[in-house]
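>>> I would like to see how this sequence folds:
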Amino acid sequence: MADGMADILAEKKALARRRAYETPLETLNPAWASAFRDDAHWPYFERLRAEDPVHWTPDSNYGAFWSITKYKDIMAVDTNHQVFSSARGIGLSPKRSVLPADAFIDELDRDTSEDANSFINMDPPGHDIQRKTVSPVVAPANLANMAPQIRERAGLILDSLPIGEPFDWVDRVSKELTTMTLATLFDFPFEERRKLTMWSDTMTTAPGHGPWNTYDERRKLMADCRAYFIRLWNERFDAPPAGDLISMLAHGPQTRHSSMEQYFSNVTLLIIGGNDTTRNTISGSVYALNRFPEQYDKLRANPSLIPSMVSETIRWQTPLAHMARVAAQDFEFQGKTIRAGDRVVMWYISGNRDDEAIDDPYAYIIDRPHPRQHLSFGFGIHRCVGNRLAELQLTIIWEEIMKRFPEIRLLEEPTRSYSIFIKGYEEMKVVIPRRN
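The predicted model follows:
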């Protein structure tokens, strides 16, 4: 990274630290997309964990909300769906007063009727019925069947990479592998698979930080996505049952007669869940190994550490920074009174840096004793349905990398996502050195 850019980034991080510690605690707001983009969000959560781990922000661009920042507290909220409901959105969305009149809320954070929600935005029993319908696609037997195909594709992607020339790892590898897998899960036309990437980015980015600049453009892209998937639904509805996600929804006894709103909500959930999280963890693994070169040496010396390294990357990266719930009733929690209707944000990114739960949490250690002890997949009924598929893709891509390349060298600081939800990378310039 050029010295000038490094100096600018250091200044932004220093400014964020001053802001985090100089702001009166009662008005502290950790939800700044610019801080996440600059990798400067850490001091907000560091302070909250130490001084006010169940913290009320009375006003922000996302409205008022509680921040839960300690590992055990996050687990307690995540596993108590009776008190903390998902039915009114699972994230922080800009409050309507700061949006244009024609804007609409993110696909995963709708506050609407249950018949238009995806299963992540539902409580039991509706959640359980919807989730059960799609779960077979990520069952162990099906993952075992998918593994050879994922490995073949990973090999083809890696063998196409230039040697000795800079390229964008995010675009050439991370996006490509995850989009190929997602297209297979949907039985989506393979030659058009990058539409899935574009639609996922449309749903999770802010204006000017993704494939759209105005809400009219976003509305048009989402209308195209909806029309495409309704066409696929109609085709699968009239065809014999098959093993892809759309066919499962179209033929499931509890989902076959769902409204198109609910069907499309489930589609958007599956697009984002199957794309952004794994994509950004693949990129995060390259970044982390370059940040901690002694761990890269350890991996080269012992490739059997790949499964452990994968779990450590998922913790260290934390590809979804938060999830939220809404209190269904007044509830006393860690000495604070959370009122019915309050939004409660579980900052997974903070819990995964809690030194009371994880030793030396800011370090990246690929042979930790308990590498799967992390919050990145959530807990309780909403634990990530595709967690094993994510681990499988990451394990396979690194097994294939280690067969081919002794080193993937980071050339400069990556461009990070402008988001408080997706903790990811937009661009990461790397080079695979030529062998002597």
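>>> what ranges do the helices span in the stretch 101-250 of the chain?
If DSSP state H, counting those that start in this stretch is used as the criterion, the helices of the stretch 101-250 of the chain fall at 126-134, 140-159, 169, 175-186, 194-204, 215-237, 245-251.
>>> which helices and strands sit right next to the third one?
So that's helix 169. For helix 169, not one helix or strand is in contact under the criterion 3 or more CB pairs under 8 Å, 6 or more residues apart in numbering; DSSP states H and E. For the C-beta atoms, the positions are set from N, CA and C on the backbone; glycine is no exception.
>>> neighbouring contacts of that helix?
Residues outside helix 169 that contact it (CB atoms under 8 Å, 6 or more residues apart in numbering): S283, V286, I408, M428, K429, V430.
>>> what about the longest helix in the chain?
The longest helix of the chain (DSSP state H) is helix 260-291.
>>> Just the buried positions in that helix, please.
For helix 260-291, the neighbour count (16 or more other CB atoms under 10 Å) marks 261-290 as buried.
>>> For that helix, give the mean pLDDT please.
Averaging pLDDT along helix 260-291 yields 89.
>>> do stretch 372-380 as well
Stretch 372-380 shows a mean pLDDT of 89.
>>> Alpha carbons only: can I get that stretch in PDB?
What follows is stretch 372-380 as a C-alpha-only set of coordinates in PDB (Å, rounded to 0.1, in the frame of the first residue of the first chain):
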ATOM      1  CA  ARG A 372     -15.300 -23.300  16.100                       C
ATOM      2  CA  GLN A 373     -16.100 -21.300  19.200                       C
ATOM      3  CA  HIS A 374     -17.400 -18.200  17.500                       C
ATOM      4  CA  LEU A 375     -20.600 -16.300  16.900                       C
ATOM      5  CA  SER A 376     -20.400 -15.800  13.200                       C
ATOM      6  CA  PHE A 377     -23.100 -18.400  12.400                       C
ATOM      7  CA  GLY A 378     -25.400 -17.300  15.200                       C
ATOM      8  CA  PHE A 379     -27.100 -19.500  17.800                       C
ATOM      9  CA  GLY A 380     -30.600 -20.900  18.400                       C
END
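>>> Need the winner for burial among the helices of the stretch 101-250 of the chain.
Mean neighbours per residue, mean count of other CB atoms under 10 Å, is largest over those for helix 169, with a mean of 25.
>>> and A390, what does it touch?
T277, T278, T281, I314, C384.
>>> what's the answer for I365, then?
Applying CB under 8 Å, 6+ apart, we find I365 in contact with Q295, E312.
>>> If we use 10 Å, what do you get?
Going by CB atoms under 10 Å, 6 or more residues apart in numbering, I365 touches F292, E294, Q295, K298, S308, M309, E312, R315, W316, I358, D359, P371.
>>> Confirm that the last one sits in a helix.
Spelled out, it's P371. No: the assignment for P371, made by DSSP: H, G, I helix; E, B strand; the rest coil, is coil rather than a helix.
>>> Spatially nearest residue to it (excluding sequence neighbours)?
Nearest residue to P371, sequence neighbours excluded (CB to CB, 6 or more residues apart in numbering): S311, at 3.7 Å.
>>> Retrieve the pLDDT associated with the one you found.
We have a pLDDT of 96 for S311.
>>> same check, this time on G4
On pLDDT, G4 comes in at 61.
>>> try T184
For T184, pLDDT reads 90.
>>> Compute the distance between it and R193, please.
9 Å (CB to CB, to the nearest Å).
>>> Ok, F421 next?
23 Å.
>>> Quick check: pLDDT value at T178.
T178 is assigned a predicted lDDT (pLDDT) of 93.
>>> so who does it touch?
193, 196-197, 200, 274-282, 389-390, 393-394, 397.
>>> if we go to 8 Å?
G274, N275, T278, R279, I282, Q393 are the contacts of T178 under CB under 8 Å, 6+ apart.
>>> Which single one of these is nearest to D216?
For the contacts of T178, the minimum distance to D216 (CB to CB) is 23.9 Å, reached by N275.
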